[in-house]
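In: Model the following, please.
(one chain, ligands or ions: 1)
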Amino acid sequence: MTILDGKALSEELVDSVKDKAEKLSPTLAVILVGENPASMAYVRNKKKACERAGIEYIQHDFEATITQEDLLKKIDDINQDPNVNGLIVQLPLPDHIYVPDVIRSVDPSKDVDGFHAYNIGKMFLSPEFEDLPPATPLGIVKLLDHYDIPIRGKEVVVVGHSNIVGKPISMMMLNRDATVTTCHIHTKDLSAHTKRADILIVAVGKINLITADMVKDGVVVVDVGMNRNDDGKLCGDVDFENVSKKASYITPVPGGVGPMTVAALILNTVRATERQKASQ
Ligand code: GUN
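Out: Residues are numbered from 1 along each chain as shown. Prediction:
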């Protein structure tokens with residue numbers, strides 16, 4: 001069994017863009033609304049990665065009471081600012097803000113999260129058009145590629161059908177010629193599907209959702225879950241201790257997909273900057 005070391009690969013990828021970053025001097029703006037502790041931890045990691053890569057990082061903090069109108073105005077200001085190349089609005093947002101309106105308002109050329117319908121649509125078409133693919137799915141693909149894990153012809157089972165992870169990773173796997181099954185909360189017999197997986201990608205947010213009896217020997221497991229157990233310890237959606245005994249490869253939590261998402265954001269920020277400068 002091999003641990004898929006997202007932390008080490010993430011550092012390698014961030015370091016690999018330093019030269020380009022020095023030439024392009026990209027700037028990433030991050031909008032954080034409220035004081036969600038997980039979001040605060042995520043943006044800290046994004047800031048650290050920017051510093052490591054040589055990307056200018058600007059954070060805009062807002063009270064949880066900000067109106068949608070004011071938030072959209074801020075996004076528009078950043079869209080118009082030629083000195084900012086990438087923009088992330090950290091999710092989740094307070095309930096009075098309608099997330100699709102926010103995602104739609106980000107300039108697609110600065111949408112380094114890859115959430116805008118334009119970027120999702122391009123990603124849908126083929127790997128060639130994945131200009132700014134969603135960050136977590138991009139991080140997962142980079143991790144599998146780095147460990148030379150083949151995708152073509154494999155049975156890939158995705159658990160979770162969110163717009164951020166489940167749906168786009170399903171499409172990116174299909175674009176790489178996997179046979180893809182996407183399971184979700186209404187799937188009738190989850191383990192009947194997961195047992196068939198050569199590659200199992202789990203993005204639900206439920207501790208110990210995947211147990212050892214639900215996977216076959218030799219499975220590759222990618223755990224996107226980020227939960228806290230009763231002791232306050234970070235853990236994923238997979239019973240790591242027991243599932244890892246059957247797996248050929250498995251991501252740890254923390255240190256697997258999380259840092260790869262951050263690395264993917266960095267890659268997307270550099271890519272966005274390159275494309276903006278080329279089209280000037
Ligand atoms: N919240 C959880 N994951 C993400 C992500 O990848 N991007 C943003 N903006 N918010 C998130």
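
In: residues contacting the residue of the stretch 151-280 of the chain found nearest the ligand?
Out: Proximity to the ligand, evaluated over the stretch 151-280 of the chain using CB to the nearest ligand atom, is greatest for Thr261 at 5.4 Å. To be clear about C-beta, it is placed using only N, CA and C from the backbone, and glycine gets the same treatment. Taking CB atoms under 8 Å, 6 or more residues apart in numbering, we find Thr261 in contact with Ala135, Thr136, Gly139.

In: can you pull out the helices in this protein?
Out: Taking DSSP state H as the test, the helices found in the chain are 6-16, 18-24, 37-53, 68-80, 99-105, 117-125, 135-146, 166-175, 190-194, 240-243, 257-278.

In: sorry, back to before: buried subset of the contacts of Thr261 as a PyMOL selection?
Out: A single PyMOL command selects the buried members of these (16 or more other CB atoms under 10 Å):
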select buried, resi 135+136+139
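
In: check contacts around Thr194.
Out: By CB under 8 Å, 6+ apart, Thr194 lies in contact with Val157, Val159, Cys183, Leu200, Ile210, Met214, Val215.

In: Point me to the residue of the stretch 1-150 of the chain nearest the ligand.
Out: Leu91 (3.7 Å).

In: Quick one: residues contacting the closest residue to that residue other than its chain neighbours.
Out: Nearest residue to Leu91 in three dimensions, chain neighbours excluded: Val99, at 6.7 Å (CB to CB, 6 or more residues apart in numbering). Counting by CB under 8 Å, 6+ apart, Val99 touches Leu91, Pro92, Leu93.

In: which of the contacts of Thr194 lies closest to Val33?
Out: Checking the contacts of Thr194 against Val33 with CB to CB, the nearest one is Val159 at 28.9 Å.

In: If the closest one is in a bridge, with which residues?
Out: Val159 has these beta-bridge partners by DSSP bridges: Cys183, Val202.

In: What residues does the stretch 151-280 of the chain have near the ligand?
Out: Counting by CB under 6 Å from any ligand atom, the stretch 151-280 of the chain comes close to the ligand at Ile164, Thr261.

In: May I ask which two of the contacts of Thr194 are separated the most?
Out: Distance extremes for the contacts of Thr194: the farthest pair is Cys183 and Val215 at 13.2 Å, using CB to CB.

In: The residue nearest to Tyr42 when sequence neighbours are not counted: neighbour count?
Out: Distances taken as CB to CB, 6+ apart put Gln90 closest to Tyr42, at 6.5 Å, once the chain neighbours are dropped. Gln90 has 19 neighbouring residues, counting by other CB atoms under 10 Å.
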